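A.B. asks: could you work out the structure for the sequence below:
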Amino acid sequence: VQLVESGGGLVQAGGSVSLSCVFSGSDFSRYNMAWFRQAPGKERAFVAVALMGLSTLYANSVKGRFTISRDNTKDTVHLQMNSLRPEDTALYYCAAHLPGSGSIYNHASYASWGQGTQVTVSS
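C.D. replies: Prediction:
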């Protein structure tokens, strides 16, 4: 599995950014697709997941501000981030999870990762 992220950049607090991740190398529809983020000096943290059955789950810190979506016709997952805050500043990673591989909230359960894309929110 290969994952390639795009999007990100520098944005002012209150602004919006959209991230995309293109999946290749396997059957996209069999994977749960998630976004994680890692700020300097912190552990990689769960942000959101779009499950195979199209349900979505979010970290409490982003609920109501971020929206994850997947397009099974284009093997792509998106993360729309609105009302951004300085504490959202991090390296954002796309990840693929096979059901049965462990908790979807735990980064250790994900075998495939993108290279990461930086999001910086200025105050």
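A.B. asks: and for stretch 31-47, what's in contact with it?
C.D. replies: The set of residues external to stretch 31-47 that reach it, using CB atoms under 8 Å, 6 or more residues apart in numbering, is 1, 19, 21, 23, 48-52, 58-59, 62, 66, 68, 70, 77, 79, 88-99, 104-107, 110, 116, 119. C-betas here are computed from N, CA, C, even on glycine.
A.B. asks: pull out the buried residues from that stretch.
C.D. replies: For stretch 31-47, the neighbour count (16 or more other CB atoms under 10 Å) marks Y31, N32, M33, A34, W35, F36, R37, R44, F46, V47 as buried.
A.B. asks: ditto for stretch 61-73
C.D. replies: Residues of stretch 61-73 classed as buried by neighbour count (16+ other CB under 10 Å): V62, F66, T67, I68, R70.
A.B. asks: run the chain-centre distance for that stretch.
C.D. replies: Computed by CA atoms, centre = their mean, to the nearest Å, the chain-centroid distance of stretch 61-73 equals 8 Å.
A.B. asks: and the buried residues of stretch 61-73 as JSON lines, adding pLDDT, secondary structure and distance to G8?
C.D. replies: Formatted as JSON lines, the buried residues of stretch 61-73 follow (pLDDT from 0 to 100; DSSP: H, G, I helix; E, B strand; the rest coil; distance: CB to CB, whole Å):
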{"residue": "V62", "pLDDT": "98", "secondary structure": "coil", "distance to G8": "15"}
{"residue": "F66", "pLDDT": "98", "secondary structure": "strand", "distance to G8": "13"}
{"residue": "T67", "pLDDT": "98", "secondary structure": "strand", "distance to G8": "16"}
{"residue": "I68", "pLDDT": "98", "secondary structure": "strand", "distance to G8": "15"}
{"residue": "R70", "pLDDT": "97", "secondary structure": "strand", "distance to G8": "18"}
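A.B. asks: ok, back up a step: can I have the buried ones of the contacts of stretch 31-47 as a PyMOL selection?
C.D. replies: Restricted to buried positions by 16+ other CB under 10 Å, the PyMOL selection for the contacts of stretch 31-47 reads:
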select buried, resi 19+21+23+48+49+50+51+52+58+59+62+66+68+70+77+79+88+89+90+91+92+93+94+95+96+97+98+104+107+110+116+119
